[in-house]
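Trainee: sharing a model that was predicted from the sequence below.
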Amino acid sequence: MRFTRTRSSLLKLLAVIAVVALVAAACSSDSDDTTTTTAAPSGGDTTATTAAPSGGDTTATTAAPSGGGTELIKLAVLSDCEGPFGAFHEADLAGVGAAFAEFAGATITDPDDSVAGFTGATIAGVPVELVGVGCGDATPDLALSETRRLMEQLGADIMIGPLSGDEAIAVANYAKDHQNQTFVNGTAGSQDPTMHVQAPNFFRFNSDGAQWNVGTGFVARDVLGWDTAAIIMDDYSFAWTSAAGMIAEFCAMGGDITSRVFVPLGVTDYSTYMQQLPDLDEVDGYFWVLGEDTIGAYKAFEDAKGPVRGDQHIGNLFTEFVWGDLDPDLVSDMYIGGFGTAGDLKIDSVGAHTAIIDKHYDTIGGSEPASQAHNGFLVNYFAAAKGLIEGLEAVGGDISDLQALWDVMSNNVIEGPYGLIPLDGNRQAIQDQYVRQIRPGASGDLELQTAYIIPEVDQGLAGTFSSDLPPPGREVPECVEKDLPWLAGISTVTDGVPGG
């Protein structure tokens, strides 16, 4: 998926999404692959490849010394250095590098270039070598190709990544067929990798898109008093998942979704789709899940329906980096869905995380480290690396018994930048979620501030989803009223102080 970058988009928290793609073909017949060396894409890792054994599964793994144990752990990272998320490659790698520098004694190769990686990491006395960095472009085909290069040709034992949702579906299916290796999601937000693929060696320490939008339905129904809402969304998997969080919560609380409008990817003229939405006097509000040209879509709405007012619109994470191009007098107080981040919270872990990033880097993508410390991409890759490091520490750096490592990682609870992150039975993060609001800051200028904390949101959303139920789609979830366990625990945030 592409989105229009505004003047501030590269410095703000950013959203993870997928590109529409069919992954079944990309995940077939791994055992028949050849082992010819594949050149890395422009901007990718150029590490020399290692020949894999001929015949059968071509996966190369680290040899264990006689008597058990591990002499060397080979690590790879898969990010996107091309395509719609290429600008955030540095943030992804900075998250991984900072975690290994802080918790595994690594030395950052170049504090102004996180893509250069790190050296000297050890866990429980076992060296960890970064053998390669994969370069994706948000498509599952390239993600799978790069995964094969990293795992089969470079012989990585463990991979952190990928970045986007349909990439993650492809990687999770690959992981399921390669259970002599370990995979930790980077920041992808599709539901399928953990809930439906369920590879025992694939772990995710970040929420999915539906979890990120929990809280927006509560705001629409209970805070703004909406009885009805219309949703306009890109017509593909991440948008369906993102909208599902709002739909499930809003409907559970008695709200009614009167219209769902779907916009095909690649559309440049939104006028036809805006006409499909109900008029301002026919619905209480609108929920937005459009990421290719978010500001263009808002402008088209204004041409068709009237001004975008904050009390009638709630955006998902895409709105975060375009609201500054709307009329500030009208969008003040507008609520926006989360990305699992809340860098303005005045809690110890937020400051500690900022200090870690600032300690190990001088710049990230040309920006001050502190300004990027709570970028969602960096945060999620950091949490992934930390979850992996703690798991490896618990088994003494010994990956000769992978089941022992996976058991530890499945049951470990890591301390993230905003609190504890446990995993569910599918190795999927259970996390607090955050709704932000456009509010005047200390200087009087509008800024995005955390408004509500929704505690311990799990991927199933109170039974809305499970491995036995269909994933989010055009008509999924249905609008159903039910009890929600987290409503009683929602807390407000005032000037960064939870409960303040």
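Mentor: Noted; the coordinates are in hand. Numbers count the residues shown, from 1 in each chain.

Trainee: going by C-alpha atoms from here, please, whenever you check contacts or count neighbours.
Mentor: Fine.

Trainee: helices along the stretch 301-450 of the chain, start to end?
Mentor: Ranges of helices in the stretch 301-450 of the chain, per DSSP state H, counting those that start in this stretch, are 328-331, 348-360, 369-372, 376-394, 402-411.

Trainee: right, so those: which one is the most enclosed?
Mentor: helix 376-394 (a mean of 26; mean count of other C-alpha atoms under 10 Å).

Trainee: so which elements touch that helix?
Mentor: helix 89-103, strand 121-123, strand 158-160, strand 182-184, helix 402-411, strand 414-416 (3 or more C-alpha pairs under 8 Å, 6 or more residues apart in numbering; DSSP states H and E).

Trainee: dump the helix or strand hosting residue 239 to PDB, restricted to CA.
Mentor: If you go by DSSP states H and E, residue 239 is part of helix 237-252. Below are the C-alpha coordinates for helix 237-252, written out as PDB (Å, rounded to 0.1, in the frame of the first residue of the first chain):
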ATOM      1  CA  SER A 237      -6.900  -7.200   4.100                       C
ATOM      2  CA  PHE A 238      -5.200  -4.600   6.500                       C
ATOM      3  CA  ALA A 239      -8.000  -2.100   6.000                       C
ATOM      4  CA  TRP A 240     -10.600  -4.700   6.800                       C
ATOM      5  CA  THR A 241      -8.600  -5.700   9.900                       C
ATOM      6  CA  SER A 242      -8.200  -2.100  11.000                       C
ATOM      7  CA  ALA A 243     -11.900  -1.400  10.600                       C
ATOM      8  CA  ALA A 244     -12.800  -4.600  12.500                       C
ATOM      9  CA  GLY A 245     -11.600  -3.200  15.800                       C
ATOM     10  CA  MET A 246     -13.900  -0.200  15.600                       C
ATOM     11  CA  ILE A 247     -16.800  -2.100  14.200                       C
ATOM     12  CA  ALA A 248     -16.700  -4.800  16.900                       C
ATOM     13  CA  GLU A 249     -16.500  -2.400  19.700                       C
ATOM     14  CA  PHE A 250     -19.000   0.200  18.400                       C
ATOM     15  CA  CYS A 251     -21.600  -2.500  17.600                       C
ATOM     16  CA  ALA A 252     -21.000  -4.300  20.900                       C
END
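
Trainee: after it comes which helix or strand?
Mentor: Using DSSP H and E, the first helix or strand after helix 237-252 is strand 256-263.

Trainee: the spatially most central residue of the chain in helix, strand or coil?
Mentor: Nearest to the mean C-alpha position of the chain, counting by C-alpha atoms, centre = their mean, stands residue 187 at 3.2 Å. The three-state label given to residue 187 by DSSP: H, G, I helix; E, B strand; the rest coil is coil.

Trainee: that one and residue 99, how far apart?
Mentor: Noted for residue 187: a distance of 15 Å to residue 99, by C-alpha to C-alpha, to the nearest Å.

Trainee: got it, and residue 267?
Mentor: To residue 99, residue 267 is 40 Å away according to C-alpha to C-alpha.

Trainee: who has more neighbours out of these two?
Mentor: Neighbours were counted for residue 267 and for residue 99 using other C-alpha atoms under 10 Å; residue 99 has more, 26 against 11.

Trainee: the lowest-mean-pLDDT helix or strand in the chain - contacts with which helices or strands?
Mentor: Lowest by mean pLDDT, DSSP states H and E among the helices and strands of the chain is helix 328-331, with a mean of 88. Contacting helix 328-331 under the criterion 3+ C-alpha pairs under 8 Å, 6+ apart is no other helix or strand.

Trainee: wait, doesn't residue 85 sit right on residue 138?
Mentor: Yes - contact criterion C-alpha atoms under 8 Å: residue 85 and residue 138 qualify, at 7.2 Å.

Trainee: neighbour count for the two, which is higher?
Mentor: Taking neighbours as other C-alpha under 10 Å, residue 85 and residue 138 compare with residue 138 leading, 32 against 23.

Trainee: related to what we said a few turns ago, which among the helices of the stretch 301-450 of the chain is found nearest to residue 180?
Mentor: helix 402-411 (7.3 Å; C-alpha to C-alpha).

Trainee: what's the average pLDDT for stretch 133-152?
Mentor: Stretch 133-152 shows a mean pLDDT of 96 in the predicted model.

Trainee: how distant is it from the center of its chain?
Mentor: Computed by C-alpha atoms, centre = their mean, to the nearest Å, the chain-centroid distance of stretch 133-152 equals 17 Å.

Trainee: over to stretch 147-156?
Mentor: Offset of stretch 147-156 from its chain centre (C-alpha atoms, centre = their mean): 23 Å.

Trainee: mind exporting the C-alpha coordinates of it to CSV?
Mentor: C-alpha atoms of stretch 147-156 as CSV (Å, rounded to 0.1, in the frame of the first residue of the first chain):
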residue,chain,number,x,y,z
THR,A,147,13.5,-14.8,3.6
ARG,A,148,14.8,-17.7,1.6
ARG,A,149,18.0,-15.8,0.9
LEU,A,150,18.6,-15.0,4.5
MET,A,151,17.6,-18.3,6.0
GLU,A,152,18.8,-20.8,3.3
GLN,A,153,21.7,-19.1,1.6
LEU,A,154,23.1,-17.0,4.5
GLY,A,155,22.2,-19.7,7.0
ALA,A,156,20.4,-17.6,9.6
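
Trainee: so residue 461 sits in a strand?
Mentor: No - counting by three-state DSSP, residue 461 is not part of a strand but coil.

Trainee: from residue 371, how far off is it?
Mentor: 32 Å.

Trainee: distance of the residue nearest to the centre of the chain from residue 292?
Mentor: Using C-alpha to C-alpha, we find residue 187 at a distance of 19 Å from residue 292.

Trainee: likewise for residue 162?
Mentor: With C-alpha to C-alpha as the criterion, residue 162 and residue 292 are 20 Å apart.
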